[in-house]
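**Student:** Below: sequence and its predicted model.
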Amino acid sequence: MPKKKKPAKKSVKLVKALPPAVKPKAKAKSPAKAKASAAGASPVAAFRDAVLHHLKSTFARDRVTATRNDWWMATCMAARDQMLERYIDTQSQHASKNVRRVYYLSLEYLMGRVLTNNLVNLRLRDVATQALAELGQDLETIADEEADMGLGNGGLGRLAACFLDSLATMDIPAIGYGIHYEFGLFRQTFVQGRQVEVADNWLANNNPWLIRRPNFRVSVPLYGRVRHSTDDRGNHSAELVETRDLLGVPWDIPIAGFGGSSVNFLRLWESKAASEFDFRAFDRGGYVEAVRDRTSSETVSKVLYPNDSTESGKELRLVQQIFFVSCSLQDILRRHRRLNPDFSSLPAKAAIQLNDTHPAIAVAELMRLLVDVERLGWDEAWALCTRTFSYTNHTLLPEALETWSVPLFEKVLPRHLEIIYEINRRHLEEVDRRWPGDDARKTELSIIQEGFPKRVRMAHLAVVGSHHVNGVAELHTRLLRAHLFPGFDELWKGKFVNVTNGVTPRRWVRGCNPGLSALCDEVAGAGWEADLVRLRKLDAVADRPAFQERFLAIKRANKVRLAARIKELVDVDVSPDALFDVQIKRLHEYKRQHLSLLHILHLYRRILNEPHGKFTPRVCVFGAKAAPGYALAKHIIHAINRVAAVINADERVRGLLKVVFLPDYRVSLAERIIPAADLSEQISTAGKEASGTGNMKLALNGAVTIGTLDGANVEIAEEVGDQNIFIFGLKVEEVQQLWADGYDPHAVLAADPELASLLDWLRSETFTPEQPGALAPVVDSLTSGGDPYLVLADFRGYVAAQEQASQAFLDRRRWAAMAIRNVARCAKFSSDRSIGDYAQLIWKTKSLPIPR
């Protein structure tokens, strides 16, 4: 054992000192080049021939008959061939060395499109571009054939995708686990400005990156009842009987790290019926009955986030969670059993990370598997469990912390409820030893929330069952310890740590912004994608006029590309010389898209009333989806769209203000918007946003942030400097004090007649003449609804910050320097740094470079 501790210290250095670990990769040949060299052909010729081979042999097409989709599939297969060679080598090394693996459990992964990202990481993009050009094809046009993978929704899923990229890039053995959704969240369209949801059938044209693994299928028991028994030696056992079983069939997606050294994978579970076809029912004429069980079972992996406003919707979401968690844990235990003599070494071989509360049921499920199936004693099983799990909290919003009613739990997961009760009983005994007789403490820290009905607090279960809990920004972690889990923090000192989120620069700079990437290559040298500290060299040239002009030319070219996409999507002409003011994120009141709307109305009114005034031309770009059951969020979308329609058609505006809400916001659309953004809107109410990652992507691409001191904005401000960001609004402590003093939105309106008139204008028939008052729900939420996210309280500070941004943008040299310094100073926000922190602080894992 002492010999194993020395590599652990070494591993921390490996992870933390990222530049030395990745530098060799920059000089290594790509798999394509290595293969081509061996074969005596150029990499371009080898890739071209591979595309033609798959076009003919895999898809039965030639250059004349091939459709654009055929070209896309053949290009994917040519890249996949090279990636799978590294994948096989990686998995062989991991198995032969019986490595410690990270297992990342997440209900969503917002992967976006995969072809371009894989070409970047395999260093094949230039090769593929030239090879396809020789075949008369354009890579960007072909890449547009790919549908975004429908496996995620917002920042939670995108973070998970970035982390998979960084784990592979840093050569850390890892497997992601999730659900193989047949349909994504939804495709968003607008009808008269209102959001309409359409099924997102992302698999309609197949997906060449998915590999089916039916030989690793597992069975998940649900419902039923618990039968307790005692054998002739007095040993107690519990067994689930009369269950409805689901089969989980895995699909794997290889995940290539930058340089292609390590290729990990994401395993997604598809639900199937244990018996797909009832032949006897079919034989007697019951054709629908014959496939009823199959249809019901496949519903579990049918769609991401089914509407849980009904009891059946709640039940389906709980079933989804236990399904993917049980499949994943059974897979982890199978792998461990194959490589190890017993389960005593499980914590040494497996680090299981719970990405938010969705997989928290894993704590109870691992106990069920170890105690009921593997026949371990409770104490031994619990020790293994609490040394294996760690939990990431992603929210401070109480409504986002999942709880399940005990009656529903008892119906769907009767054995798990017994296990949770026993975990809670032992946990509360520990609480009582720490604070004897303090019933208030027990109520605060209990996994079971008293009430009618009682509820299971999943976040509490995750905290109790994990060795570490982390927040995702310094402010978020501080508030987590002080306000959300203060009792737990006091009970277990050192359990709560911070790991600030990050984003992968491979996708979010190199992949989506090739112009800026080429400029960074010149200044920072090759390999900065895996060592963002190198971009600090841009600081030295940020004030040079010639460099500024090149930077701004790249930005303008990106804006021209976005302007073309805007025209294509919403038929609005915008000028690339205007300030592109961007707010792209999930639609939620706390993110305050309606604060932006009020500022737009403020600008519109000023333009109309000051026909000779000087204004900075501005294009306001929105992208967001509202949850189907979130009525107010959908009203906000409707309001923005209707105001946009009026402004864009008003000739009196003279092109000084355009507003566009781009439909169906997703990763591939973000990749077009982010490189073109000038101003990054990060305006959540202080204390509500856990971290945010859109703020990081935008800053890395040279957008200047306008935001509150919330989430990771605090750290962005620290990194880029106060002169390169626009901060406004109430701070966390001021928000708390305002509520303590009794916040009254009507008092704000009484003191600000212009703001009051803007709300009246929004409520009027001006923007919805066919339905006067249609936008009233947005206004009511700010007045009679109490303005829960302090939109009115922060309005004046926001307007002032926006005026500062407008003036700065008119000073071309000043704006260029600010934007360049945002690119130069955001090294902290690489997901590589985040994964390094997890490896050092939580997982205690090390890199394992795979020899070529």
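**Tutor:** Right, received. Where do you want to start? Numbers count the residues shown, from 1 in each chain.
**Student:** Which helix or strand contains the most far-flung residue of the chain relative to its centre?
**Tutor:** No residue in the chain sits farther from the centre than residue 232, which is 51.7 Å out by C-alpha atoms, centre = their mean. Applying DSSP states H and E as the criterion places residue 232 outside every helix and strand.
**Student:** What does it show for phi and psi?
**Tutor:** phi -70, psi 0 (degrees, to the nearest 10).
**Student:** Tell me the spacing between it and residue 441.
**Tutor:** 43 Å (C-beta to C-beta, to the nearest Å). The way it works is simple: take the backbone N, C-alpha and C, and place the C-beta from them, glycine included.
**Student:** just the helices in the stretch 501-650 of the chain please.
**Tutor:** Counting by DSSP state H, counting those that start in this stretch, the stretch 501-650 of the chain has these helices, from start to end: 505, 514-524, 545-570, 593-609, 631-649.
**Student:** Could you pull up the residues touching residue 432?
**Tutor:** Contacts for residue 432 were tallied using C-beta atoms under 8 Å, 6 or more residues apart in numbering; they are 438, 442.
**Student:** What mean pLDDT does the helix or strand that contains it get?
**Tutor:** Per DSSP H and E, residue 432 falls inside helix 414-434. Averaged across helix 414-434, pLDDT comes to 98.
**Student:** What are the buried residues along it?
**Tutor:** Across helix 414-434, burial judged by 16 or more other C-beta atoms under 10 Å covers 414-420, 423-424, 427-428, 431.
**Student:** what's the answer for stretch 124-132, then?
**Tutor:** 124-125, 127-132.
**Student:** Show me where the stretch 301-450 of the chain has its strands.
**Tutor:** For the stretch 301-450 of the chain, the strands defined by DSSP state E, counting those that start in this stretch occupy 350-355, 389-392, 403-405, 448-449.
**Student:** what's the burial count for residue 295?
**Tutor:** For residue 295, the count of nearby residues is 12 (other C-beta atoms under 10 Å).
**Student:** what helices or strands is the strand ranked longest in the chain leaning on?
**Tutor:** Determined from DSSP state E, the single longest strand within the chain is strand 244-256. Applying 3 or more C-beta pairs under 8 Å, 6 or more residues apart in numbering; DSSP states H and E, one finds that strand 244-256 makes contact with helix 68-96, helix 155-169, strand 211-212, strand 218-222, strand 263-273, helix 311-339.
**Student:** Neighbouring strands of the third one in the sheet, and parallel or not?
**Tutor:** Each strand pairing with strand 211-212, determined using DSSP bridges, is listed with its direction: strand 244-256 (antiparallel).
**Student:** Over to the fifth one?
**Tutor:** When sheet partners are counted by DSSP bridges, strand 263-273 sits next to strand 174-179 (parallel), strand 244-256 (antiparallel).
**Student:** contacts for the shortest one?
**Tutor:** This points to strand 174-179. Contacts of strand 174-179 (C-beta under 8 Å, 6+ apart): 101-109, 151, 160, 164, 167-168, 255, 264-270, 301, 304, 320, 323-324, 327-328, 331.
**Student:** Average pLDDT for the longest strand of the chain, rounded please.
**Tutor:** 97.
**Student:** how close does the residue farthest from the centre of the chain get to residue 374?
**Tutor:** Distance from residue 232 to residue 374, by C-beta to C-beta: 21 Å.
**Student:** what do you get for residue 259?
**Tutor:** 40 Å.
**Student:** When the two are compared, which one has more neighbours?
**Tutor:** A side-by-side neighbour count of residue 259 and residue 374, using other C-beta under 10 Å, places residue 259 first with 27 against 13.
**Student:** wouldn't that one be in contact with residue 123 here?
**Tutor:** Yes - with contact defined as C-beta atoms under 8 Å, residue 259 reaches residue 123; the gap is 6.7 Å.
**Student:** what pLDDT does residue 297 get?
**Tutor:** Residue 297 carries a pLDDT value of 82.
**Student:** Check the closest residue to it other than its chain neighbours and give its pLDDT.
**Tutor:** Leaving aside its sequence neighbours, residue 297 sits nearest to residue 273 (C-beta to C-beta, 6 or more residues apart in numbering; 3.8 Å). Predicted confidence (pLDDT) for residue 273: 91.
**Student:** Let me know how buried residue 310 is, in neighbour terms.
**Tutor:** Neighbour count for residue 310, taken as other C-beta under 10 Å: 11.
**Student:** Please apply the same query to residue 630.
**Tutor:** Counted with other C-beta under 10 Å, residue 630 comes out at 17.
**Student:** Same check on residue 577?
**Tutor:** Number of residues near residue 577 (other C-beta under 10 Å) recorded here: 11.
**Student:** ok, now the one 10 residues further on?
**Tutor:** Using other C-beta under 10 Å, the number of residues around residue 587 comes to 24.
**Student:** And it, its phi and psi?
**Tutor:** Residue 587 adopts backbone torsions of phi -80, psi 120, taken as degrees, to the nearest 10.
**Student:** Distance of it relative to residue 706?
**Tutor:** Residue 587 is 19 Å from residue 706, where distance means C-beta to C-beta.
**Student:** Kindly report the same for residue 613.
**Tutor:** According to C-beta to C-beta, residue 613 stands 21 Å off from residue 706.
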